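1. Give me a 3D structure for the following:
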Amino acid sequence: MSKQAEEVCTQRFLDWYNEQYKRNHIFERADTYFPNLKDNLNWDFVAYERANPQEWIGIEVKELPRLMEVHKQFEFWRKLCLELTKDLVDKGIHGEFVIYPPTFNLKSNERPKFREAFMKVLCQHAPSMKVSEEIDIGPDIAKRFAHWPRDRSDVDEWERWGRCRPYKLQITKTADSGCEVTSPISPIVSGDVIEAHNEAFNQVFKPKGIQANKQLKLAREKGARKAILLLACNPFVDEGLIKNHLQSLDRHLISDINCIYLVDIGNKDRIVKVYSGDRD
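-> As a prediction, this is how the structure comes out:
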């Protein structure tokens, strides 16, 4: 993570922190506040009230690596929903529809064919659907799109599908008026997504190497009133999964950290405390 990105993350956090706790903190690099730290083990920033620089907070910033696969899946379905909405408008079909898609990889050259198949199936079902009705259109898409993924059939599905059945794609009609296709969860939180979060988390809290806990322990030894770890993330990081990881983490890896916050670089309104070793 670049120094500029670290500073953006810290400023965003302090803007929120100052508003929440009626403070007026500014910050500077730890090795500027303590020149003897240059080229030695240190943490990132010292934050303090303008009128009282002697009472300060130590802040370390770590980046949760971008969850690229989650990002790709999210963007794919978001863009597809926009395109499907336009298609419905062009065909004069009314109604609001929510899709709950599976997680699967689709090559870029297959995307137009998939959209065409999806559109034909949606136009087939949409006019007759009732509000709150939910249907699975995966099998119908599979008939029109050869690369629609398949999953192992359950026992009670064997006679209909054989060894494999088409992936499910649930669609719900939420209103008769308007015209929109949306996807509230994209992709569905699956084992693959959880594993992606786990790998990103472990890169920050790996037992070997320079750890945030070791850096912030030094800040406390230097006199920090509080030691805060900021996890810079993107909108596709699930805060619930990160909280679960922290709860299962060995305490010695965060024993000198007072609080941990998620700071969403892509959404200035999402700053979430995910761990607290004491009270603010």
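
2. C-alpha from now on. contacts and neighbour counts both.
-> Will do.

3. residue contacts, Phe201?
-> Phe201 sits next to Leu64, Ile242, His245 when contact means Cα atoms under 8 Å, 6 or more residues apart in numbering.

4. Repeat the analysis, applying 7 Å as the threshold.
-> By Cα atoms under 7 Å, 6 or more residues apart in numbering, the contact set of Phe201 is Leu64.

5. ok, now Asp156?
-> So Asp156 contacts nothing (Cα under 7 Å, 6+ apart).

6. and it, which of the three is it?
-> helix (DSSP: H, G, I helix; E, B strand; the rest coil).

7. That one and Ser132: what is the separation?
-> Here Asp156 is placed at a distance of 26 Å from Ser132 (Cα to Cα, to the nearest Å).

8. before we move on, what about Thr10?
-> 44 Å.

9. Between these two, which has more neighbouring residues?
-> More crowded of Thr10 and Ser132, by other Cα atoms under 10 Å: Thr10, with 24 against 13.

10. how about the more buried one, secondary structure?
-> Per three-state DSSP, the local secondary structure of Thr10 is helix.

11. if I look at it, how far off is Gly58?
-> Distance of Thr10 to Gly58, computed by Cα to Cα: 11 Å.

12. list the buried ones in the top strand by length along the chain?
-> Longest strand of the chain, by residue count under DSSP state E: strand 52-63. By 16 or more other Cα atoms under 10 Å, the buried positions in strand 52-63 come out as Trp56, Ile57, Gly58, Ile59, Glu60, Val61, Lys62, Glu63.

13. Remind me what it packs against, helices and strands.
-> strand 45-49, helix 212-221, strand 226-233 (3 or more Cα pairs under 7 Å, 6 or more residues apart in numbering; DSSP states H and E).

14. Number of residues surrounding Ala224?
-> 21.

15. can you pull the pLDDT of it?
-> Per-residue pLDDT puts Ala224 at 97.

16. Ramachandran angles for it?
-> Ala224 has phi and psi values of phi -60, psi 130 when expressed as degrees, to the nearest 10.

17. Report the contact partners of it.
-> Neighbours of Ala224 in contact, by Cα under 7 Å, 6+ apart: Trp56, Ile57, Gly58.

18. Now do it against Ile135, distance only.
-> 57 Å.

19. Show me the shaky parts of the protein.
-> For the chain, the stretches with pLDDT under 70 are 66-72, 103-105, 184-194, 196, 207-210, 278-280.

20. What segments of it are strands?
-> Assigned by DSSP E, the strands in the chain fall at 25-29, 45-49, 52-63, 95-100, 134-136, 150-152, 164-166, 170-175, 179-182, 226-233, 259-264, 271-276.

21. Can you tell me which of those is nearest to Asp87?
-> strand 179-182 (9.8 Å; Cα to Cα).

22. tell me how far that closest one is from the chain's mean position?
-> Averaging C-alpha positions (Cα atoms, centre = their mean, to the nearest Å) puts strand 179-182 23 Å from its chain's average.

23. Residues contacting it, please?
-> Against strand 179-182 from outside (Cα under 7 Å, 6+ apart): Cys81, Leu84, Thr85, Leu88, Val89, His94, Gly95, Glu96, Phe97, Val98, Ile99.

24. and those residues, which are buried?
-> Neighbour-count burial (16+ other Cα under 10 Å) is assigned, among these, to Cys81, Leu84, Thr85, Leu88, His94, Gly95, Glu96, Phe97, Val98, Ile99.
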